[in-house]
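>>> Curious how this folds, go ahead:
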Amino acid sequence: MSIYKQKIDSYLQLQGLKALQLRAVLFDMDGVLFDSMPYHASAWSQVMQEAGYNFTPHDVYMNEGRTGSSTITTASLAQFGTIPSQEEIDRLCKAKCDLFATYPETPRMQGAIEVVKKVKACGLTPMIVTGSGTPTLLARIEENFPGLFAADHIITSFNVKRGKPHPDPYLLALERGGFAPYEAIVVENAPLGVQAGVAANLFTIAVNTGPLHEDVLYNAGASYVFPSMPALADEWEKLFEALTAK
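Here you go, the predicted model:
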């Protein structure tokens with residue numbers, strides 16, 4: 001029995017299911033489809049530190065997947081014990097987006113388009129579920145993944161009040177796509193995103209494209225962690241076979 005089948009069987013047992021009926025793959029965006037996290041880490045840490053927060057690039061990776069509002073509120077509560085005003089949240093979010101927009105154009109993650117094309121070739125629906133509200137990235141999805149993601153199959157921070165690690169973004173994706181949890185899987189790269197996928201009762205895998213140890217992703221609940229998107233592309237056929245086995 002393959003390691004993928006073992007992980008899937010464990011998920012099915014936990015959910016009280018006999019098999020998956022795979023119809024969709026739900027992709028995070030930053031760190032999965034775009035190699036954007038180094039820029040996000042730089043922009044968030046600089047803006048937050050200038051505003052008086054102790055917020056390092058490592059903190060950005062650990063909070064990846066939150067909406068901007070949640071990121072600022074979580075940091076403020078942890079460091080000052082206060083909830084920031086909406087004016088402060090809006091100011092910092094704008095400052096971060098403005099700084100991010102000055103950086104060089106974010107490249108597509110190596111191996112990402114190969115994975116998405118393989119997903120489509122298998123007759124599955126690819127969707128994006130991101131905590132991001134960064135206009136410069138969202139505007140480039142069609143340019144970098146032409147014809148692969150329908151506009152109404154993209155969930156962003158603008159669509160939910162509660163972002164990751166809450167399950168709301170993934171639950172909204174399921175609702176929009178008309179899928180049940182056993183009909184979709186999640187591809188994430190961040191611990192909070194993994195937690196969100198698991199909380200939505202989805203089979204969740206991770207690609208470790210950042211500086212965090214893979215144990216952080218496993219501890220968050222990932223069923224399996226790939227070291228990169230090219231590694232997932234290389235293994236997709238084996239994974240798909242296990243996912244669709246009866």
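>>> quick one: the helix or strand bottoming out on mean pLDDT in the chain to chain centroid distance?
Comparing every helix and strand of the chain by mean pLDDT, DSSP states H and E singles out helix 135-138 as the least confident one, with a mean of 76. Offset of helix 135-138 from its chain centre (C-alpha atoms, centre = their mean, to the nearest Å): 15 Å.
>>> One more: stretch 87-98?
22 Å.
>>> Same question for stretch 120-129.
Computed by C-alpha atoms, centre = their mean, the chain-centroid distance of stretch 120-129 equals 15 Å.
>>> what does it contact?
By C-beta atoms under 8 Å, 6 or more residues apart in numbering, the residues outside stretch 120-129 that reach it are 22-29, 33, 116, 119, 141, 148-149, 153-155, 169-170, 173, 176-177, 179, 184, 186, 240. Every residue, glycine included, has its C-beta placed from N, CA and C.
>>> Also stretch 186-193?
Contact with stretch 186-193 is made by 25-28, 30-32, 37, 61-66, 115, 129, 131, 164-165, 170, 194, 196-197, 200, 202-210, 212, 216-217, 219-220, 222, 232, as judged by C-beta under 8 Å, 6+ apart.
>>> Among the residues you listed, which lie within strands?
The members of these that map onto strands under DSSP state E are 25-27, 129, 203-207.
>>> Between these, identify the one with the most neighbours.
Within the ones in strands among the contacts of stretch 186-193, neighbour counts (other C-beta atoms under 10 Å) peak at Val129, which reaches 33 neighbours.
>>> Tell me how far that one lies from Gly31.
Relative to Gly31, Val129 is positioned 13 Å away (C-beta to C-beta, to the nearest Å).
>>> wait, Lys144 sits on Met29?
For residue 144 the amino acid is Asn, not Lys. No - assessed by C-beta atoms under 8 Å, Asn144 is found out of contact with Met29, at 10.5 Å.
>>> Show me which of these two is the more surrounded one.
Met29 (25 against 18).
>>> Could I get the phi/psi values of the more buried one?
phi -100, psi -60 (degrees, to the nearest 10).
>>> circling back: which of the ones in strands among the contacts of stretch 186-193 sits closest to Met48?
Val129 (24.6 Å; C-beta to C-beta).
>>> and that closest one, what are its bridge partners?
Val129 has these beta-bridge partners by DSSP bridges: Ile155.
>>> could you measure it against Asp59, distance?
Val129 sits 22 Å away from Asp59, taking C-beta to C-beta as the criterion.
>>> part of a strand, is Glu105?
No - secondary structure of Glu105 (DSSP: H, G, I helix; E, B strand; the rest coil): coil, not part of a strand.
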